[in-house]
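1. below is the sequence, then the predicted model.
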Amino acid sequence: MNLLVTGGAGFIGSHTCVLLLEAGHRVTVIDNLCNSAAIALARVQELAGKPLRFVEGDIRNPDALARAFAGGIDAVIHFAALKAVGESCEQPLRYFDNNIGGTIALMQAMEAHGVQRLVFSSSATVYGQPDRVPVKEDAPLRVTNPYGRTKLVMEQLIQDWCAARPEASAVLLRYFNPVGAHPSGRIGEDPRGEPNNLMPYIAQVAVGRREYLRIYGDDYPTPDGTGIRDYLHVMDLAEAHLKAVDYAAAHAGCEAFNLGTGRGYSVREMVAAFEAASGRAIPCWSVERRAGDVTELTADPAQANARLQWRATRGLEAMCADAWRWQQMNPEGFTHVS
Ligand code: NAD
Ligand code: UFG
């Protein structure tokens, strides 16, 4: 297929592009590089041994979109978004403009070019604090921050679009906690500034860029007192996008799928696993809980297992080993490489 990948230079997008190219798809990426580097796309092409087409531009810019859709597109995978929860609380308008405004502009361009298939990056954040875990797709949706609200609104607008077009198909992928890196160590997660998320923070402590990890709360009602999440390997997540593209081609309508392993790990378990993978000590300090954090969030991935024919196969050891390889080979991320 001819696929348009928005946000394809980012963490999850770059890993997905490698697999899409390897599977024989023709890939166009549109990305404004607001949270990524063009070198990631050079490495994607090197890893896949195939070229992709890159349109550097913003999905809110109709001219950039017109360039991206030129030549014919069969389906869109939509990663492009701002994703930092804390920043979204400080700059809600920027998040609404970029994420929701961007999605509206993208879908208008899809309509103008007769494109009816969409795979969308949603998030487990749409569940807020669920009543029970593992959470199923039909659990109540109750977001707790502006970033989460943008994801919920985008899901709803995609649902409404599908309802108005019986031939259209959309797959809403609710990611839990993507971690790890391509096993080559050539691409990986490269947050700008101080990482918000656990795994990149641990990796930067291990490599010596940061002194210690702050554990946000050790008084949660969990076995070791720290928060529990469903971490999944980014290569498993990338594979889910291949399945989702095929699923969208075969099924009309809009469906949501949880993407996780179904197994939760605590912060302390993650630290121990990373120490084992890296052979480095990770100094930790327990501090206050982080505002908005939930105790435990894990996926019930049964729908994705059954309907997408997708299952996460990589365990915690591979997640840590691959993240560590990437961090060691690129201690400053993509910043100081040519
Ligand atoms: P990322 O920041 O690495 O990638 C997003 C990419 O989109 C970046 O390359 C950025 O430059 C680009 N982008 C942002 N706004 C744009 C715009 N207006 N026009 C063009 N390009 C734009 O993030 P990621 O971790 O790869 O996440 C990808 C998607 O998955 C996002 O939608 C995110 O909300 C979602 N998601 C991520 C996680 C996670 O923990 N990483 C969890 C759940 C959902
Ligand atoms: N944590 C720490 N110290 C840190 C960072 C995180 O103790 O420096 C803890 C958190 O308190 C939490 C766990 O590690 O218990 C995981 O935190 P992350 O920030 O890595 O992940 P979250 O589950 O909070 O959120 C992530 C994304 C959200 C997304 C959500 C569900 O940041 O955008 O997963 O997909 F919505």
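-> Ah, there it is. Ligands and ions are numbered 1, 2, ... in the order given.
2. ok, the residue of the stretch 1-150 of the chain at minimum distance from ligand 2 - how many residues close by?
-> Nearest residue of the stretch 1-150 of the chain to ligand 2: residue 125, at 3.0 Å (Cβ to the nearest ligand atom). Glycine gets a C-beta too; all of them are placed from N, C-alpha and C. Neighbours of residue 125 under the rule other Cβ atoms under 10 Å: 24.
3. excluding sequence neighbours, find me the nearest residue to it.
-> Distances taken as Cβ to Cβ, 6 or more residues apart in numbering put residue 148 closest to residue 125, at 4.0 Å, once the chain neighbours are dropped.
4. so what's the residue of the chain at minimum distance from ligand 1 up against?
-> Ranking the residues of the chain by distance to ligand 1 (Cβ to the nearest ligand atom) places residue 10 first, at 2.0 Å. With contacts defined as Cβ atoms under 8 Å, 6 or more residues apart in numbering, residue 10 is in contact with 31, 35, 36, 40, 79, 80.
5. got a quick PyMOL command for the buried subset of those residues?
-> Filtering these down to the buried ones (16 or more other Cβ atoms under 10 Å) takes a single PyMOL command:
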select buried, resi 31+35+36+40+79+80
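6. of the contacts of residue 10, which pair is most distant in space?
-> Greatest spatial distance among the contacts of residue 10 (Cβ to Cβ): 40 and 80, at 13.9 Å.
7. so which of the contacts of residue 10 belong to helices?
-> residue 40 (DSSP state H).
8. and the contacts of residue 10 near ligand 1, which?
-> Filtering those for proximity to ligand 1 by Cβ under 6 Å from any ligand atom leaves 31, 35, 36, 79, 80.
9. tell me which residues of the lowest-mean-pLDDT helix or strand in the chain are tucked away?
-> When the helices and strands of the chain are scored by mean pLDDT, DSSP states H and E, helix 85-90 comes last with a mean of 93. By 16+ other Cβ under 10 Å, the buried positions in helix 85-90 come out as 85, 88.
10. next: stretch 103-111.
-> Buried-residue list, stretch 103-111, by 16+ other Cβ under 10 Å: 103, 105, 106, 107, 109, 110.
11. now what about that stretch, what contacts it?
-> Here stretch 103-111 has contacts from 6, 59-62, 65-66, 68-69, 76, 78, 80, 115-116, 118, 154, 157-158, 161, using Cβ under 8 Å, 6+ apart.
12. now do the contacts for residue 163.
-> Per Cβ under 8 Å, 6+ apart, neighbours of residue 163: residue 254.
13. first-to-last residue distance for stretch 270-284?
-> Stretch 270-284 has an end-to-end distance of 12 Å (Cα to Cα, to the nearest Å).
14. list of residues touching that stretch?
-> 198-199, 202-203, 205-207, 211-215, 231, 265, 268, 316-317, 319-321, 323-324, 328.
15. from the chain's centroid, how far away is that stretch?
-> With Cα atoms, centre = their mean, to the nearest Å as the basis, stretch 270-284 stands 24 Å off its chain's centre.
16. the closest residue to ligand 2 within the chain: how many residues sit nearby?
-> Here the chain gets closest to ligand 2 at one residue, residue 227, 2.5 Å apart by Cβ to the nearest ligand atom. The burial count assigned to residue 227 is 24, neighbours taken as other Cβ under 10 Å.
17. run through the residues of the stretch 151-300 of the chain sitting next to ligand 2.
-> 175-177, 196-198, 201, 213-216, 227, 229, 267, 290, 293.
18. swap in 5 Å and give it another go.
-> Within the stretch 151-300 of the chain, the residues that sit near ligand 2 (Cβ under 5 Å from any ligand atom) are 177, 197, 198, 201, 215, 216, 227, 229, 267, 290, 293.
19. what is the burial count for the third one?
-> Number of residues near residue 198 (other Cβ under 10 Å) recorded here: 22.
20. and if you look at the fourth one?
-> The number of residues packed around residue 201, counting by other Cβ under 10 Å, is 19.
21. surely it is in contact with residue 213?
-> Yes. With contact defined as Cβ atoms under 8 Å, residue 201 counts as touching residue 213 (5.8 Å).
22. ok so, going back, who touches the residue of the stretch 1-150 of the chain closest to ligand 2 in this structure?
-> Here residue 125 is in contact with 85, 143, 144, 145, 147, 148, 151 (Cβ under 8 Å, 6+ apart).
23. which of these has the weakest pLDDT?
-> Within the contacts of residue 125, residue 144 has the lowest pLDDT, namely 89.
24. from residue 329, how far off is it?
-> For residue 144, the distance to residue 329 equals 36 Å [Cβ to Cβ, to the nearest Å].
25. scan the chain for its longest helix.
-> Longest helix in the chain, counting by DSSP H: helix 146-164.
26. tell me if residue 133 really is in a strand.
-> No. Secondary structure of residue 133 (DSSP: H, G, I helix; E, B strand; the rest coil): coil, not part of a strand.
27. quick one: pLDDT of it?
-> 96.
28. for residue 335, same thing?
-> 82.
29. and it, how far from residue 27?
-> For residue 335, the distance to residue 27 - Cβ to Cβ - is 25 Å.
30. more neighbours, these two?
-> residue 27 (26 against 11).
31. what about stretch 17-31, average pLDDT?
-> 98.
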